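Novice: Got a predicted structure here, sequence first:
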2 protein chains.
Amino acid sequence: MKTSREELLDLGEEIVCRQGFGGFSYGALADRAGIRKASIHHHFPSKSDFGRALMNRCVRRVERAFEALETDRRRGSALLRSVIQTRRTGCAHSGAVDLVTAMSADPAVTDPATREGLASARETLVRHIAHALQVGRRDRTIAVAGDIEEEARAVFAQIAGAELAARASGNVAEFDRALATLDRRMSAY
Amino acid sequence: MKTSREELLDLGEEIVCRQGFGGFSYGALADRAGIRKASIHHHFPSKSDFGRALMNRCVRRVERAFEALETDRRRGSALLRSVIQTRRTGCAHSGAVDLVTAMSADPAVTDPATREGLASARETLVRHIAHALQVGRRDRTIAVAGDIEEEARAVFAQIAGAELAARASGNVAEFDRALATLDRRMSAY
DNA sequence: GCGTCCCTACCTAGTGGTAGGTTTCTCCTG
DNA sequence: CAGGAGAAACCTACCACTAGGTAGGGACGC
């Protein structure tokens, strides 16, 4: 049976989230996919190509999620919780993190196009969070004091830091502990 | 002239902060130190040894800083600002981060002793921030609503996330933007 | 037949690490 | 104070291994 590009990206993403982009190798990917290393090069000539494809897919996914969020009529707290949940799932498997965080954290990501994609994904996520906060402030389900964008960047950073905490300790509970203040801001109402 | 262990650790720390522990190699360290690769092995037999030594030194440094903080009679906001400033300096050089963040972010750190040291350093930093928040609440220079430890973990995560933001964008300004809410909490009083 | 997919076999560069010899500093003793 | 022993610092040369990447050929479907 033929191995599709998409399958390879799936497997690769899993490895990158666990080992970082630098710790991800064509050999390991080939083993998981059940094909030879050289065959990976057929689909993605260079490792940079793979990284770019991974990031492009990620950007599209994040943008689709953003569009879905905009038409989502749930309360603000529910929106924010879903954003957090999405990024939490990565931490569920021990030692793994969100692809965006994994790529942000890894200095081995040097390709300009990949970095640009990463920056774009990060900005979309900030807008994502800003929207949730905006809705939450209006429907009084999230306590938001100051400027929305400022708050959104703070929350985004807090979530990324929470992922790092979970990975550093190897314990998902640390993710929740680092975000407990957010939970409180949502239950105060 | 003889190269001291300390000098090697200094140079190594710089590389690790910029390239991560996985991206740090004995070859690169040797080049910077002006000696041969095998000579590095004389001081630190294995790369794990180097990582452990680096982390041990970091732990001691953080603990010393914590002791200094406890006898520091400045206002809470000044204490918190100094904590942030210490971790900001890493971002000043493009692409670099704090050693603690660099090690937390890198899945290549697998040695148990190193990970334990890292966890210890992280916990000390949390206590560090908690103390600053405590003082700041008392002298009314920082707005702290809920549980101090919860807030400290949130702030710690936010700072780590800010470092990631700065690195991902290659722009120190992103560090400040992600921490603008903290600034506001300190200037409100 | 041609393009897609995959293979074996190989290359080069760089990794952490070792073996064993040379220099250089230190320190103790005659 | 001279000098030698021994340790500490450093060297060259090498090892085994893995990395990303290439060349060229076989199998299979349209």
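Specialist: That came in fine, so what should we check first? Quick caveat, the model's predicted, so the values are computed rather than measured.
Novice: Mean pLDDT per helix and strand in chain A: which one sits at the bottom?
Specialist: Within chain A, no helix or strand scores below helix A:76-92, which has a mean of 90 by mean pLDDT, DSSP states H and E.
Novice: Which elements pack onto that helix?
Specialist: Under the contact definition 3 or more CB pairs under 8 Å, 6 or more residues apart in numbering or on different chains; DSSP states H and E, helix A:76-92 sits against helix A:47-70, helix A:99-105, helix A:112-138, helix A:148-169, helix A:172-178, helix A:180-187. Where C-beta positions appear, they are placed from N, C-alpha and C, glycine not excepted.
Novice: pretty sure residue A:27 contacts residue A:37?
Specialist: Yes: counting by CB atoms under 8 Å, residue A:27 does reach residue A:37; the two are 5.3 Å apart.
Novice: quick one, which of these two is more surrounded?
Specialist: For residue A:27 and residue A:37, the more surrounded residue by other CB atoms under 10 Å in any protein chain shown is residue A:37, and the numbers stand at 14 against 11.
Novice: For that one, what are phi and psi?
Specialist: As for residue A:37, its main-chain torsions (degrees, to the nearest 10) stand at phi -60, psi -40.
Novice: How much space separates it from chain B?
Specialist: Distance from residue A:37 to chain B, counting by CB to the nearest CB, to the nearest Å: 20 Å.
Novice: wait, what's in contact with that residue?
Specialist: A:26-27, A:30 (CB atoms under 8 Å, 6 or more residues apart in numbering or on different chains).
Novice: Excluding chain neighbours, what is closest to it?
Specialist: Closest residue to residue A:37 apart from its sequence neighbours, by CB to CB, 6 or more residues apart in numbering or on different chains: residue A:30 at 4.3 Å.
Novice: what helix or strand does residue A:39 sit in?
Specialist: Residue A:39 belongs to helix A:37-43 when elements are defined using DSSP states H and E.
Novice: pLDDT of that helix, averaged?
Specialist: Confidence over helix A:37-43, taken as the mean pLDDT, stands at 96.
Novice: Check whether it comes near DNA strand D.
Specialist: Yes: using CB under 7 Å from any atom of the strand, we find that helix A:37-43 touches DNA strand D at A:37-38, A:41.
Novice: Near DNA strand C, list only the ones from those.
Specialist: Applying CB under 7 Å from any atom of the strand to these, one finds that A:37-38 fall near DNA strand C.
Novice: Looking at the residues of helix A:37-43 next to DNA strand D, spot the one nearest DNA strand C.
Specialist: Distances from DNA strand C to those, taken as CB to the nearest atom of the strand, are shortest for residue A:38 (3.2 Å).
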